[in-house]
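Asks: Build me a model:
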Amino acid sequence: MNKDFIFTLKSLALDENYQPSNSTRITTNFANLARGDYRQANLRNALTMINNRFNALANWDNPKGDRYSVELEIISVDIDIENSGQSFPSIEVLKTNIVDHKTNKRIEGIVGNNFSSYVRDYDFSVLLQNHNKNQSSFSIPDNFGELHGKLFQYFVNSSAYQQNFNKPPVICLSVSDNKTYHRTENQHPVLGVEYQPNESSLTEQYFKKMGLSVRYFMPPNSVAPLAFYFFGDLLNDYTNLEFISTISTMETFQKIYRPEIYNANAVAGKSYQPNLKNQDHSLTQIVYDREERSKLANEQGKFAEENFIKPYQTVLEQWSANYANSCA
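Replies: Presented below is the predicted three-dimensional model:
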């Protein structure tokens, strides 16, 4: 490879005083909560939900259900393409940290969890939409997701990542509402019952280009499976407390953003198809503007096109052509 890109990492606490930075995608889960008149109550309520869920799952040696709390860090990754000091906000993830109040120890959780990327916005909201304009049937452009996938793998393999994090990332997403999931006999003590989809989705294919595999599990006392994207051996590479930190965090966000699925009043059965029009669900006490979020995705995609894809197109194309998919 004839070029090194420089990654700069920044960390910001996600607590009740959190305010999104200018470079944060405002459609990101936690940023959407931190806006408007109810921002502090939103954040406080979400963090309480996370802590309660964590203690419910980590119930051994925890008689009062208050042994642990979760601290969240927003990890922002800027990329400098030409070593010029000019950087672009490439990705943003969450890192969980666990505080054990019994031993007064702070335990590292998992990095990843939520995944935010301007280039992904460009791929889905600009490139994919333009490709399918005036087309009679939906199709995917050649090399769709290739650049994004290589940039992500390059970051995970970089010294910047290795110096800051001990384990590869795990990203936890909602299930797709256009697939059917079938319960298997496989069960994990914390992740819960494993489900398998009837077919691959565009999201799965996109994350595969990032080097990530996916498995679907419905944790104890959950009502729907979560998608866990990972490198390596998911079930053996992480501890139960690490898993619980991800489940409690991301299930809380999904209850807020996808209440029709994750706060449904009925539990997923042996054969399960998520339904975003499901009326039989409960709402959290947290204000969330879903309509605004979908509008902003297009704006963010155009931002990436104007400030990253177009200015560095030649450099990125050459780099991508020379990059070996070392994680594939």
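
Asks: Tell me the helices and strands packed up against whichever strand or helix holds residue 235.
Replies: In this assignment (DSSP states H and E), residue 235 forms part of helix 234-237. With contacts taken as 3 or more CB pairs under 8 Å, 6 or more residues apart in numbering; DSSP states H and E, helix 234-237 sits against no other helix or strand. Using the backbone N, CA and C atoms, a C-beta is placed for each residue, glycine as well.

Asks: From here on, call the first residue 3.
Replies: Renumbered: residue one is now 3, and that last one reads helix 236-239.

Asks: which outside residues touch it?
Replies: Residues from elsewhere that reach helix 236-239 (CB atoms under 8 Å, 6 or more residues apart in numbering): 169-170, 172, 190, 193, 215, 217, 230, 232.

Asks: Is it correct that residue 61 is in contact with residue 67?
Replies: Yes - with contact defined as CB atoms under 8 Å, residue 61 reaches residue 67; the gap is 7.1 Å.

Asks: Would you state the helices of this protein in chain order?
Replies: For the chain, the helices defined by DSSP state H cover 31-35, 41-59, 120-123, 130-133, 148-158, 161-166, 204-210, 236-239, 242-259, 261-264, 292-306, 315-324.

Asks: Could you save those helices as JSON lines and add columns showing mean neighbour count and distance to residue 106?
Replies: Output for the helices of the chain, formatted as JSON lines (neighbours: other CB atoms under 10 Å; distance: least, CB to CB, whole Å):
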{"stretch": "helix 31-35", "mean neighbour count": "23", "distance to residue 106": "27"}
{"stretch": "helix 41-59", "mean neighbour count": "19", "distance to residue 106": "17"}
{"stretch": "helix 120-123", "mean neighbour count": "24", "distance to residue 106": "39"}
{"stretch": "helix 130-133", "mean neighbour count": "14", "distance to residue 106": "49"}
{"stretch": "helix 148-158", "mean neighbour count": "22", "distance to residue 106": "32"}
{"stretch": "helix 161-166", "mean neighbour count": "13", "distance to residue 106": "24"}
{"stretch": "helix 204-210", "mean neighbour count": "17", "distance to residue 106": "38"}
{"stretch": "helix 236-239", "mean neighbour count": "13", "distance to residue 106": "27"}
{"stretch": "helix 242-259", "mean neighbour count": "24", "distance to residue 106": "15"}
{"stretch": "helix 261-264", "mean neighbour count": "21", "distance to residue 106": "33"}
{"stretch": "helix 292-306", "mean neighbour count": "16", "distance to residue 106": "39"}
{"stretch": "helix 315-324", "mean neighbour count": "13", "distance to residue 106": "47"}
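
Asks: Now distance to residue 96 and mean pLDDT too, for the ones you listed, in CSV please.
Replies: Formatted as CSV, the entries for the helices of the chain read as follows, by distance: least, CB to CB, whole Å; pLDDT from 0 to 100:
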stretch, distance to residue 96, mean pLDDT
helix 31-35, 7, 66
helix 41-59, 11, 92
helix 120-123, 16, 92
helix 130-133, 26, 88
helix 148-158, 15, 95
helix 161-166, 14, 95
helix 204-210, 17, 94
helix 236-239, 18, 97
helix 242-259, 7, 95
helix 261-264, 17, 94
helix 292-306, 17, 76
helix 315-324, 27, 91
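
Asks: What score does the most centrally placed residue in the chain have for pLDDT?
Replies: For the chain, the residue sitting closest to the mean C-alpha position, by CA atoms, centre = their mean, is residue 116 at 2.5 Å. On pLDDT, residue 116 comes in at 92.

Asks: Which residue is the nearest non-sequential neighbour of it?
Replies: For residue 116, ignoring the flanking residues on the chain, the nearest one in space by CB to CB, 6 or more residues apart in numbering is residue 96 at 4.6 Å.

Asks: so who does the one you found touch?
Replies: Taking CB under 8 Å, 6+ apart as the definition of contact, the neighbours of residue 96 are 16, 32, 74-77, 113-116, 251.

Asks: Residue 233 now?
Replies: 158, 170-171, 213-215, 329.

Asks: of all those, which two lie farthest apart?
Replies: Spatially, the most separated pair among the contacts of residue 233 is 158 and 215, at 13.7 Å (CB to CB).

Asks: picking that back up, may I have the helix holding residue 237 as PDB, with CA atoms only?
Replies: As requested, C-alpha coordinates have been extracted for helix 236-239 and formatted as PDB (Å, rounded to 0.1, in the frame of the first residue of the first chain):
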ATOM      1  CA  LEU A 236     -18.100 -14.100  19.200                       C
ATOM      2  CA  LEU A 237     -19.100 -16.500  22.000                       C
ATOM      3  CA  ASN A 238     -15.500 -17.100  23.200                       C
ATOM      4  CA  ASP A 239     -13.800 -13.800  22.700                       C
END
